[in-house]
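Q: quick one, what's the 3D model for this:
(one chain, ligands or ions: 2)
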Amino acid sequence: MLQMTDIKKIYRTELVETHALRNMTLAVDEGEFVAVTGPSGSGKTTFLNIAGLLESFEHGSFVLDGKDVSHLNDDERSVYRNRKIGFIFQSFNLIPDLNLFENVDVPLRYRRLPAGERKQRIENALETVGLASRMKHLPAQLSGGQQQRVAIARALAGEPRLLLADEPTGNLDSAMAGQVMELLESIHAGGTTIVMVTHDPDLARRAGRNIHLTDGRVSDHHVAHLQEEIPRSAQLETGSLECSATT
Ligand SMILES: Nc1ncnc2c1ncn2[C@@H]1O[C@H](COP(=O)(O)OP(=O)(O)O)[C@@H](O)[C@H]1O
Ligand SMILES: [Mg+2]
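A: Ligands and ions are numbered 1, 2, ... in the order given. Next up, the predicted model:
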């Protein structure tokens, strides 16, 4: 689904160069749920923005859903992003003076889908997140957890192949965070590939695989659901033991 090789991203201002990604190499398979952790400033958002075609990069290669997207220009990136990717942000990013229906409609209008199909997709997406009865409400009339569910509906309405979430529960209390996580889990169970940045180790553990970024590169990699962090080489041995035990 996603294959990044040796990607570098440098932010330049007049005074400083910041190496946000140094040698980012990562593959995510179709159907995976990957959680990304790492200290503040380690490049998590930069990685997700590049994965979501929101930003370009200077070195390395990136293949997304079978297409080399390393050299797309801004317009090509946004067209491809709109068709392939759903994005969820920590701060929801809803438009305050549009109601829920209209908020979910924004990316669909941008794609110039016919009105009937848009309506169907919006109603289905709001149904999926449990907010079909509030279509005419404004975002401010909802709790934070509900607002994030609207943002998830907006992402889902595009029928993305890849769902990217940047600390989606970062602004929520633990009960609401749990609901949003359950929703992401059910979307994943429906077949969507998910990459989620999170600070919450309990949520990270619920994903199928965890990667840890330090200083703009992957510093640690392990399959979740195991009790300890196990190096990749040892994972293979564990896997073969399990195999032989069941055969
Ligand atoms: N638009 C930008 N301009 C300049 N520097 C940036 C920009 N965005 C991020 N950075 C820098 O790149 C590094 C990685 O940032 P980021 O990807 O946001 O990290 P994280 O999400 O892990 O906290 C940080 O040092 C940050 O200050
Ligand atoms: Mg960040």
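Q: any idea whether the residue nearest to the spatial centre of the chain is helix, strand or coil?
A: Residue closest to the average C-alpha location in the chain (C-alpha atoms, centre = their mean): L164, at 1.2 Å. Of the three states, L164 takes strand according to DSSP: H, G, I helix; E, B strand; the rest coil.
Q: contact partners for the spatially closest residue to it that is not a sequence neighbour?
A: Of all residues not flanking L164 in the chain, G52 sits nearest, at 4.7 Å (C-beta to C-beta, 6 or more residues apart in numbering). (C-beta placed from N, C-alpha, C; glycine too.) Counting by C-beta atoms under 8 Å, 6 or more residues apart in numbering, G52 makes contact with 81, 85, 87, 162, 164.
Q: show me what the helix or strand hosting the third one packs onto, helices and strands only.
A: Taking DSSP states H and E as the definition, one finds F87 inside strand 85-89. Applying 3 or more C-beta pairs under 8 Å, 6 or more residues apart in numbering; DSSP states H and E, one finds that strand 85-89 makes contact with helix 144-157, strand 162-166.
Q: would you list those in TSV and tack on distance to L138 and mean pLDDT?
A: Below are those laid out as TSV (distance: least, C-beta to C-beta, whole Å; pLDDT from 0 to 100):
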stretch	distance to L138	mean pLDDT
helix 144-157	10	97
strand 162-166	23	98
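Q: out of these, the one nearest Y110 is which?
A: Nearest to Y110 among the helices and strands packed on strand 85-89 is helix 144-157; the distance by C-beta to C-beta comes to 11.3 Å.
Q: what residues does that closest one touch?
A: Counting by C-beta under 8 Å, 6+ apart, 86-89, 92-94, 100, 103-108, 121-122, 124-126, 128-131, 134, 139, 142, 163, 168-169, 171-173, 175-177, 179-180, 183-184, 187 sit against helix 144-157.
Q: try 6 Å
A: Defining contact as C-beta atoms under 6 Å, 6 or more residues apart in numbering, one finds that helix 144-157 is touched by 86, 88, 92, 94, 100, 103-104, 108, 121-122, 125-126, 129, 131, 139, 171-172, 176, 179-180.
Q: closest residue of the protein to ligand 2?
A: Proximity of the chain to ligand 2 (C-beta to the ion) peaks at T45, 3.2 Å away.
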